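Chemist: 3D, please:
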Amino acid sequence: MDLSIELLASLSTPMIRTGLAAWVAQHLQDTDAARESLRGELQTLLDQTDDGAITRMRETFAAAGDAWRFHPADPLSRAITRVFMNRVVAESEVFGAEHLEAFLAEPRQRRMVLCNHLSYTDTQVTDTVLVRAGFAEVADRLVAVAGPKVYTDPWRRMASIALNTRKTAQSSAVASEQDTLTPRELAAVAFETMADCGRLMDEGYLVLLYPEGTRSRDGRLQPFLRAAARYLLIEGVEVLPLAQVGGERMFPRDAPALTPGRATLTFGAPFRPRDYPGKTATVDQAHTRIASLLPESHTPPTGAPRVA
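Modeler: Got it, this is the predicted structure:
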């Protein structure tokens, strides 16, 4: 059952109430019995939801990605996605939770999480594992810096509105699904994004950034974009390194559905980018720290550059 963004955005509340559960469940690569069980759980959730919440979700879906701005999570979509992802993330484990706890225990500051990028489901995996490990409040406060791609496909858009996202333009080095921007326009969007990230962190959100700029093709950590330094050098920012493993197996490139699997999150010791002066030095340090948290199967090839 393939649906376009336009069709999904135009569905009436009764149609969403009766058809959405089956559409979501078909994106689970599992047995017919497992998909039917998931559909039933989602249908129960929708049956218990008032019309107003469904209307708000439809309106949020229609407007997602409409501008270079902060897109807060829709509560109903978040609930639906968490039910779905609880089936996808069959097993999970968090390592280095003491680093996350120490990071959060510090007096109010600008907090940013840097993570490797494996698949379109990375942020959903992180959200699911955090909630399961007792860090639901942290999951609710994450804001993923997202490129235009996440809003251009019906399934990815549905997933994106379950999260807090800040839409930004991709670096010209990796952009493939955004309107052509002049260098001046690209710079303007970047500076607006950084200013907005500072504001969001001041309000208590944790900005989640993928410095590779695009998904890894083989699971191994790629060089970080030099442009990531713009975010790391936001005044007063503190950074928490995070290595995630599992998303690449659950949602491989070009896969039409998600396959259940195991996911792990490994947090490293927080650091202050200002302690490593210079754009290249601070990005290099971030790459080194995340690489050290990854299993051998995901570390960069020997001799690969850390910054591109």
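Chemist: okay, CA-based contacts and neighbour counts for the rest of this
Modeler: Will do.
Chemist: hang on, residue 82 in a strand?
Modeler: No. Assessed by DSSP: H, G, I helix; E, B strand; the rest coil, residue 82 does not belong to a strand; its assignment is helix.
Chemist: start the count at 47, not 1, going forward
Modeler: Understood, numbering begins at 47; the last thing we discussed is residue 128.
Chemist: these two touch, right, it and residue 172?
Modeler: No. In this structure residue 128 lies outside contact range of residue 172 using CA atoms under 8 Å: 11.0 Å.
Chemist: more neighbours, the two?
Modeler: residue 172 (25 against 19; other CA atoms under 10 Å).
Chemist: ramachandran coordinates for the more buried one?
Modeler: Dihedral angles of residue 172 (phi, psi; degrees, to the nearest 10) stand at phi -60, psi -40.
Chemist: can you map out the strands along the stretch 97-246 of the chain?
Modeler: 116-117, 135-141, 156-161, 188-192, 210-213 (DSSP state E, counting those that start in this stretch).
Chemist: pull the longest helix from the protein.
Modeler: helix 229-248 (DSSP state H).
Chemist: next, count neighbours for the residue lying closest to residue 297 once chain neighbours are set aside.
Modeler: Leaving aside its chain neighbours, residue 297 sits nearest to residue 304 (5.0 Å; criterion: CA to CA, 6 or more residues apart in numbering). The tally of other residues near residue 304 (other CA under 10 Å) stands at 22.
Chemist: residues contacting the spatially most central residue of the chain?
Modeler: The chain has residue 169 as the residue nearest its centroid, 2.8 Å off, counting by CA atoms, centre = their mean. Residues counted as contacts of residue 169 (CA atoms under 8 Å, 6 or more residues apart in numbering) are residue 190.
Chemist: give the buried residues for whichever helix or strand residue 328 is part of.
Modeler: Residue 328 is located in helix 325-337, with elements delineated by DSSP states H and E. By 16 or more other CA atoms under 10 Å, the buried positions in helix 325-337 come out as 325, 326, 327, 328, 329, 330, 331, 332, 333, 335, 336, 337.
Chemist: measure how it sits relative to strand 156-161, angle-wise.
Modeler: Orientation of helix 325-337 against strand 156-161 (axes from the mean of the first three to the mean of the last three CA atoms, to 10 degrees) gives an angle of 60 degrees.
Chemist: centre of the chain to helix 325-337, how far?
Modeler: Taking CA atoms, centre = their mean, to the nearest Å, one finds the center of helix 325-337 at 20 Å from the center of the full chain.
Chemist: any chance you could list what contacts that helix?
Modeler: Contacts to helix 325-337, defined as CA under 8 Å, 6+ apart, come from residues 160-162, 267, 269-272, 274-276, 278-279, 287-289, 314, 319-320, 322, 345-346, 352-353.
Chemist: take those and keep only those in helices.
Modeler: For these, secondary structure assignment (DSSP H) places 275, 276, 278 in helices.
Chemist: distance of the closest residue to the last one other than its chain neighbours from residue 274?
Modeler: Which is residue 278. What sits nearest to residue 278 in space, not counting adjacent residues and going by CA to CA, 6+ apart, is residue 319, at 6.1 Å. Using CA to CA, to the nearest Å, one obtains 12 Å as the distance from residue 319 to residue 274.
Chemist: contacting residues for the nearest residue to residue 200 once chain neighbours are set aside?
Modeler: Distance criterion CA to CA, 6+ apart; nearest residue to residue 200, sequence neighbours excluded, is residue 51 at 5.0 Å. Taking CA under 8 Å, 6+ apart, we find residue 51 in contact with 108, 199, 200.
Chemist: which residues touch the first one?
Modeler: Neighbour list for residue 108: 51, 52, 55 [criterion: CA under 8 Å, 6+ apart].
Chemist: same check, this time on the second one
Modeler: With contacts defined as CA under 8 Å, 6+ apart, the neighbours of residue 199 are 50, 51.
Chemist: measure it to residue 54 for me?
Modeler: Residue 199 sits 11 Å away from residue 54 when distances are taken as CA to CA.
Chemist: residue ranges with poor pLDDT in the chain?
Modeler: Segments of the chain classed as low confidence (criterion: pLDDT under 70) are 47-48, 217-225.
Chemist: repeat the analysis, applying 80 as the threshold.
Modeler: In the predicted model of the chain, residues 47-48, 154, 216-226 satisfy pLDDT under 80.
Chemist: still on that earlier bit, redo the buried residues of helix 325-337 as CSV? Include distance to residue 102.
Modeler: Written out in CSV, the entries for these read as follows (distance: CA to CA, whole Å):
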residue, distance to residue 102
325, 42
326, 43
327, 44
328, 41
329, 39
330, 42
331, 42
332, 38
333, 39
335, 41
336, 38
337, 41
